[in-house]
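Enquirer: what's the 3D shape of this:
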Amino acid sequence: MLVKDELLDKVVARVREQMTEDQAPQVEEFARQYYGWVDAADLEDRSPIDAYGAALSHWSFAGRREPGERKVRIYNPHFEEHGWQSTHTVIEMVNDDMPFLVDSTRMEINRQGYAIHMILHPVMNVRRDAEGRLIEVLPPDTEEEDAISESVIHVEVDRQTEPSVLEDLKESIEKTLADVKAAVEDWLEMRGRVGDIVSVLEEDPPDFDPEDLAETRAFLEWIDDDNFTFLGYREYDLTTQDGEEALCAVEGSGLGILRQKDSGPVSHSLAELPPDVRRLAHTPKLLNLTKANSRATVHRPSYLDYIGIKTFDESNEVTGERRFLGLYTFSAYSASVFDIPLVRRKVRYVLERSGFPEGSHNEKDLVEILETYPRDELFQISKEELFEIAMGILHLQERQRVRFFVRRDTYGRFFSCLVFVPRDRYNTLIRERMQEILLEAFDGANVEYNVRLSESVLARIHFIIYTKPGETPDYDEEEIEGRIVETTRSWTDSLYDALIEQCGEEQGIELFRKYRDAFSPGYRAGFLPRTAVSDVLRMETLESEDDLGMSLYHPIEEPEDFLGFKLFRLGDQVSLSGILPLLEDMGVEVVDERPHEVKPSGSPPVWIYDFGLVHEAGEQLQTSEVKEIFQDAFARAWRGAVENDGFNRLVLRARLTWREISILRAYCKYLPDRLDFLPGLHGGRPRQQPAHRQADRGSLRGPPRPVAPGRNRERAPERGDRRGPRGGREPG
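Expert: Predicted coordinates:
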């Protein structure tokens, strides 16, 4: 706050220095109110000169304004031209103060894709002369009769220098301000229309059930009691034009955002609608509550709520409609469902049809479901649909599973979808995947969503999928749910299923509890869950740090000369310098290595070392033929039970066991002159003689092995270059 006060003092000092004696007090008052409510953090990097220039620029822009005039200016301030500068594009506005100006402006700027970096929106009381010139900026608490309350808005957005783009932004903001003005000016008159309709329903009601009429009147009185923000109103007559039925707007009846912009009639041909929707126009249903197919330009960026009241002739035939557009207010969303006309009838129907005893656990759960049900849906849904969906939600019983419910709009303009997923599984990526599934399934043109996270184990996502006009896509609810289930399944879910499948329910559940959170993200990205089951069973055999688990396999995505080799060790990590020479002596080249630490619940950690090997056997190996003898020979070499030398290459080259190799090694030691046909093997020398050892290894290997294209000899950090993505890797 101190930074802001110091900055404002410098701005005021500059005003007194630069402005004339008669102007300085007014500009000073303007500047103080201009920055009065701004967050101090927004001014941290602002120089006093630029802060002074911005305030003075807006003061000059507000210098003359006709009553009711909307003033909008968009520019990129340069010091030489404007006396101040900014890295952003600046929007300045001056209007008569009224509700929704700031919300609506901010909403339109965001809709255009601009990020807002700063916004100032003081409301100032000013005095102007007959020609609209600004004479005086009055104190905020003034009670002067001739004071004019004006909204001064300063917005800084992403810099844009293209003149046509800036002009488009200006036009869209001006249109938004015009809609705000129209809605505010006609607000009382629109409420008056509600009173007129209620009076007609009382004095000259159509032939409907008295209870329905009473509930409709109660609902209209309820929306008039600050539960609905009226934005537009228009009357329509059901007529015949050129042999086709149409809803034709009554000229001069439009209010708010539905004011008619020209003198011509506005009509909507019913022939353009699907047959089942056309029939609804003649259905003797008094009230229609739904969503319009356009977003609000005023207040908040939701799709407009639509309230239609049909009109009838003496024969009880539909003659037209009185239509309100707007948005339900916060109080409508926070009120109990038992206090909202029309909604309370649906709620009572669901509770009575459920048959649950009053005060029972099931009834309390059902009431909670209805109280937290998406409120817009409660206005629109039929009581039968509400019963089916509410009971479906109740039957979930807090189980961590995925469920999908869908309701089609009466007029076929959108599909309302409720998706329940385990809360700990929900994230933005999952939501985006579900959106894609629903848009594809319903051939959607647009989507809205709302997420509810509570103390429940389930997250609820409410999607509204808006469809293309005139299209009625077919869909399979079970097939859609199946796709959603699949896209929300986690690696852990698949591990659970794989453990149950391979180990049985009792042992599988026990192992799942132990290993559910044991595997690292790197392991999960590299191996399928059913591969993890095999690894789990190997880890379960380890009893001490002396035990060694192994698995030699061939990844199906890799070339014929490639092998995968896993080592399992309990406790601390092992040194790779002790492992790599053993593998090289067995006739393989280590091209990569990835360690994974596994942390079973209640047990010491286990390290899995996954090696990528290229063998020298010269032909395709069947891992089933060499797996056991390779692992047996490696384990004995690891423990020092057999020597580590070039003879161990014969495991892969000649399919010899460690015993057969030991015999051959003995022959070579005791009959060296008779075994010259095996150059390099007869040395059999211990590792502490590096010169002789190297000669032996070289004579066995022959010329250096060429590296396959793209193969990287570096180990762990570059392993991806050798194997590529391993998300689907399975042992061959």
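
Enquirer: Quick check: mean pLDDT of the lengthiest strand in the chain?
Expert: If you go by DSSP state E, the chain has its longest strand at strand 228-241. What strand 228-241 shows for mean pLDDT is 92.

Enquirer: Outline the domain layout of this protein.
Expert: For the chain, automatic domain parsing gives the domain ranges 2-185, 188-334, 335-395, 398-474, 520-723.

Enquirer: For the first one, what is the distance to the chain centroid?
Expert: What it means is domain 2-185. Centroid separation for domain 2-185 versus its chain: 35 Å, with CA atoms, centre = their mean, to the nearest Å.

Enquirer: neighbouring strands for the helix or strand just after the longest strand of the chain, and are they parallel or not?
Expert: Using DSSP states H and E, the next helix or strand after strand 228-241 towards the C-terminus is strand 244-249. Strand pairing for strand 244-249, using DSSP bridges, gives strand 228-241 (antiparallel), strand 267-269 (antiparallel).

Enquirer: Which one of those lies nearest to residue 433?
Expert: The closest of these to residue 433 is strand 228-241. By CB to CB, the value is 34.4 Å. All C-beta atoms are positioned from the backbone trio N, CA, C, and that covers glycine.

Enquirer: State the distance from the residue nearest the centre of the chain to residue 349.
Expert: With distances taken as CA atoms, centre = their mean, residue 428 lies nearest the centre of the chain, 3.5 Å away. Per CB to CB, to the nearest Å, residue 428 is found 37 Å from residue 349.

Enquirer: and if you look at residue 379?
Expert: 15 Å.

Enquirer: quick one, what contacts the residue nearest to residue 423 when sequence neighbours are not counted?
Expert: Among residues not flanking residue 423 along the chain, residue 459 sits closest, at 4.4 Å (CB to CB, 6 or more residues apart in numbering). Shown in contact with residue 459 (CB atoms under 8 Å, 6 or more residues apart in numbering): 420-423, 426, 451-453.

Enquirer: Counting only strands, which of the residues you listed make the cut?
Expert: Per DSSP E, the subset of these in strands is 420-422, 451-452.

Enquirer: PyMOL command for the buried members of those?
Expert: Buried residues among those (16 or more other CB atoms under 10 Å), as a PyMOL selection:
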select buried, resi 420+421+422
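
Enquirer: The longest helix belonging to the chain - contacts with which helices or strands?
Expert: When the chain is parsed with DSSP state H, its longest helix is helix 163-185. Applying 3 or more CB pairs under 8 Å, 6 or more residues apart in numbering; DSSP states H and E, one finds that helix 163-185 makes contact with strand 71-75, strand 89-96, helix 101-111, strand 228-241, strand 255-256.

Enquirer: buried set for it?
Expert: 166, 169, 173, 176-177, 179-184.

Enquirer: List just the nearest of these to residue 58.
Expert: So of the buried residues of helix 163-185, ranked by how close each gets to residue 58 (CB to CB), first place is residue 173, at 15.7 Å.

Enquirer: Check the spacing between that closest one and residue 92 real quick.
Expert: 11 Å.

Enquirer: which residues touch the helix or strand hosting residue 496?
Expert: In this assignment (DSSP H and E), residue 496 forms part of helix 491-503. For helix 491-503, the external contacting residues (CB under 8 Å, 6+ apart) are 507-509, 511-512, 515-517, 519, 524, 528-530, 532-533, 536-537.

Enquirer: rerun at 10 Å
Expert: Contact partners of helix 491-503, identified using CB atoms under 10 Å, 6 or more residues apart in numbering, comprise 400, 422, 424-425, 485, 489-490, 505-519, 521, 523-525, 527-534, 536-537, 727.

Enquirer: Restricted to buried residues, select these in PyMOL.
Expert: Only the buried entries of the contacts of helix 491-503 go into this PyMOL selection, using 16+ other CB under 10 Å:
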select buried, resi 422+425+508+511+512+514+515+518+519+523+524+527+528+529+531+532+533+534+536
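
Enquirer: Out of the contacts of helix 491-503, list just those in strands.
Expert: Counting by DSSP E, the part of the contacts of helix 491-503 found in strands is residue 422.

Enquirer: Tell me which of the contacts of helix 491-503 fall in helices.
Expert: Short answer: the contacts of helix 491-503 in helices (DSSP H) are 485, 505-515, 521, 523-525, 529-534, 536-537.

Enquirer: and the domains of the chain as CSV, adding distance to residue 497?
Expert: Formatted as CSV, those follow (distance: least, CB to CB, whole Å):
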stretch, distance to residue 497
domain 2-185, 43
domain 188-334, 40
domain 335-395, 23
domain 398-474, 13
domain 520-723, 8
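
Enquirer: Figure out which of those is closest to residue 481.
Expert: Of all the domains of the chain, domain 398-474 sits nearest to residue 481, with 3.9 Å by CB to CB.

Enquirer: pretty sure residue 412 contacts residue 467?
Expert: Yes - Residue 412 is in contact with residue 467 according to CB atoms under 10 Å; the separation is 7.0 Å.

Enquirer: Compare neighbour counts for the two and give me the winner.
Expert: Shown here are residue 412 and residue 467; by other CB atoms under 10 Å, residue 467 has more neighbours (21 against 18).

Enquirer: isn't the more buried one right next to residue 416, touching?
Expert: No - in terms of CB under 10 Å, residue 467 does not count as a neighbour of residue 416; the distance is 11.7 Å.
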